[in-house]
Each structure stands twice: as structure tokens, then as C-alpha cells.
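A.B. asks: Need coordinates for the below:
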Amino acid sequence: MGNTNPGAGGNPNGYGSGNTYLGDSNLGNRLNYQYSALNYRSDNGYSHYKALNVRWTSTNLKNKGLDITANYTWSHAQDNLSSTFTGGQPGVYYPGYLDAFNPKLDYGNSDYNLPNRFVFSGVWDIPWMKNASNPIARQVLGGWSLGSIFKVHSGLPFNVYDCSNFNGTSCPLWIPNPPTQQIFSNVEAVGTNLFNYMQLPTAGGSVANLGDSLGLPNCTGLVHNGCTYTQSGLAYPARNPYIGPGYWNVDLNVYKNFKINEAVTVQFRGEMYNIFNHHNMYITGLNLDASSLATPFIQTEKGGIHGYAGQPNDERRNIQFALKLMF
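C.D. replies: Residues are numbered from 1 along each chain as shown. Next up is the predicted model:
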């Protein structure tokens, strides 16, 4: 299915655009040099989503009080802008489209594209002592239930940028030379909680950066074949070509109902979020400029939010208890 983003936009008055589009002899002039960058909005945003969903459920499995739901989704989400007016780490690398006159240039994997996602959940109404003849044993030992949710999904996609070709508004995507293989690892790097995740190819001891002086490749259509930088002759990559580390998490809860009378029930609940205290790895989103990396590695760290580390997100084990009155 497809969709449009009425808030999508870019900067049509970028640095050097006067020379590129009007032949202005001053290389640095904008289309209208009386103004700087313009915050332009349009209906040029569009997205496509396709998916396959498989679900299996069971209620009271083999009369053992076990309810199970398993759900797997394969999907592919593509667009030319995933947010209202920014791309990548918000406000860091570029606002809106790289080229406001060619929004198709930014077509690629959506920022929220998760090709594989699996969720398994279950509730077990433990039958032991539930119908005991002794009322004290039945109230204390019977009527307990366990529940759990297990979630696992692919990593979030990300870009690598080449800000050595910053055009006054945006950093174009980085073009590896030679092409880089997506060989991932979690080798600990120098620094607190930093890990070398993806190594970039190097040339002469530094990261090789290739790009057009204005960062505006001459491209048309949704397929980037034949879409090249004029100086390098290399194909311009689709957006979000790399995939970050995968994610998984397990939550557990236990609860017990105490029936006071026919109309009133008190429920004791114990809820454990991230019971294994597992910390997922996330791409360090503020360090994706290949031209300024101290070491030729895209790095990860534990914690983060929405695929970018360094933002508040509590992934520690959390346990809470509660009493619930139902009437």
C-alpha cells in the first residue's frame, strides 16, 4: 500500500543553487541570494509498505489453562522521507530532502523499516491447587497465573554520510570506494560503552570520501541504477542501506486473584520488564559522518532510543508490584 506525507519538504534555496540552476557566475549564490535557507513544505512525500503476517493462537491448550499467541511479520517499508522535515538523526545531517527539486533521490528504506518481527506471548492459568478442598490452601497456593511476552526484530536501518561535501544545507550519503561489505561485530572499542560495529574501507589511512561538490547527484526515477556523482562516476546509494543490530526483550508477570465474594476480587500483580536485564545495542547516531570519523568504524553502544544511542532510554530490569481491586 502507499501513502503520502503532506509535510515533506526541503530547502530549494541551497548554497550554490543559483550557479547550478541559473548559471549564476558567483558559485556560492543561492537561487534568491537575498535569503538564506528556506523551510519549504510540499506533498512530495510518499511511502510504500508491503507485508506478510502469520499468526497462531491457542486457547486452553490441551485443557492445561495455557493461552498462547505467536505472531511473525515480514515487511518492507520504503519512502523518501520518514519524518516531517528531517532525515537521519534529527537536525544533524540534513533537513528534509537532499535535493528539494528531486525528492525521488531520497527514496529507500524507511527509518522504521523492520523486515522481520516475531512476538510470542502466553498466559498460563496454573491449575495446581486451584480446586483444592482445603479453603486456606486454595486461597494461598491456588489461582496463580504466569504471563510472558518475548519480542525480537531486525535492526533499524541507518545512513552513512559524507559531510566533506556539505552543500550548505545537507550532507549527501557516503559512497564507499571500494564498496564496503556489511561485516558486523561487537568488538569493544576504546571508550566507555563503545563497540566497533561496521568497518569502512580506508585509503591512505583515512576514510575515502567521494562526492559532487554540491552534493546533488543528477538522478531520476525510483531506481538508483545509473544515478551517479558527476565527479566520481559511482552510483549514488539508496537511503538507509545499512542495518543496525537486532533487538530482543522478555517481560514476565505473575498474578494471583483473591476472591472476596461474588462481586469483589483483589488481584496481586508482580510485573518484571526486561527480566534478563538485557541491553540491546544501537547505532551511535551522532557519529555517522565518514569524513570526520577518528577511526574507520561505525560504532554502537548500549541503550539509546529509536536506533540512536545517546538519548534517554531505560533498558534496565524493572520490577513492580501492585494490588488491583475488581468489582
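A.B. asks: can you pull out the helices in the protein?
C.D. replies: Here the chain has its helices, by DSSP state H, at 17-22, 135-141.
A.B. asks: what comes into contact with the first one?
C.D. replies: Looking back up the chat, that one is helix 17-22. Contacts with helix 17-22, where a contact means Cβ atoms under 8 Å, 6 or more residues apart in numbering, come from 24-33, 101, 214, 216. C-betas here are computed from N, CA, C, even on glycine.
A.B. asks: tell me the two of the residues you listed that are most distant?
C.D. replies: Within the contacts of helix 17-22, two members stand farthest from each other by Cβ to Cβ: S25 and F101, at 20.8 Å.
A.B. asks: the more surrounded of these two?
C.D. replies: Per other Cβ atoms under 10 Å, whichever of S25 and F101 has more neighbours is F101, with 15 against 8.
A.B. asks: from memory the more buried one sits against N11, does it?
C.D. replies: No. Assessed by Cβ atoms under 8 Å, F101 is found out of contact with N11, at 10.3 Å.
A.B. asks: and the helices of the chain, which one's lowest on average pLDDT?
C.D. replies: Averaged per stretch, pLDDT over these is lowest on helix 135-141, reaching a mean of 70.
A.B. asks: give the contact list for the closest residue to F120 other than its chain neighbours.
C.D. replies: Nearest non-adjacent residue to F120, counting by Cβ to Cβ, 6 or more residues apart in numbering: F150, 4.5 Å away. Shown in contact with F150 (Cβ under 8 Å, 6+ apart): 119-121, 248-250.
A.B. asks: Greatest separation within those: which pair is it?
C.D. replies: Greatest spacing in the contacts of F150, by Cβ to Cβ: S121 and W248 (14.0 Å).
A.B. asks: ok, those two, which is more surrounded?
C.D. replies: Between S121 and W248, counted using other Cβ under 10 Å, the more crowded position is S121 (16 against 12).
A.B. asks: Just grab the bridge partners of the closest residue in space to the more buried one that isn't next to it in sequence for me.
C.D. replies: Once flanking residues are discounted, S121 sits nearest to I149: 4.5 Å by Cβ to Cβ, 6+ apart. Beta-bridge pairing of I149 under DSSP bridges involves S121, D251.
A.B. asks: So the residue nearest to F120 versus R30, what's the distance?
C.D. replies: The spacing between F150 and R30, counted by Cβ to Cβ, to the nearest Å, is 53 Å.
A.B. asks: And for F321?
C.D. replies: Distance, F321 to R30, by Cβ to Cβ: 61 Å.
A.B. asks: and if you look at G16?
C.D. replies: Distance from G16 to R30, counting by Cβ to Cβ: 7 Å.
A.B. asks: Which residue of those two possesses the greater neighbour count?
C.D. replies: Set side by side, G16 and R30 show more neighbours around R30, with 25 against 21, by other Cβ under 10 Å.
A.B. asks: residues in contact with that one?
C.D. replies: 13-18, 36.
A.B. asks: residue boundaries of the strands in the stretch 1-150 of the chain?
C.D. replies: With strands called from DSSP state E, counting those that start in this stretch, the stretch 1-150 of the chain shows them at 2-5, 9-10, 40-41, 45-58, 66-79, 86-87, 94-95, 108-109, 116-125, 144-153.
A.B. asks: where are the low-confidence patches of the stretch 51-200 of the chain?
C.D. replies: Residues of the stretch 51-200 of the chain meeting the criterion pLDDT under 70: 84-92, 94-95, 131-133, 136-138, 140, 167, 177-192.
A.B. asks: in the sheet, who's paired with the closest residue to S47 other than its chain neighbours?
C.D. replies: Once flanking residues are discounted, S47 sits nearest to D79: 3.5 Å by Cβ to Cβ, 6+ apart. In this entry, D79 is beta-bridged to S47, G108, by DSSP bridges.
A.B. asks: now A51
C.D. replies: Counting by DSSP bridges, the residues bridging with A51 are S75.
A.B. asks: Surely it and S75 touch.
C.D. replies: Yes. Assessed by Cβ under 8 Å, A51 is found in contact with S75 at 3.6 Å.
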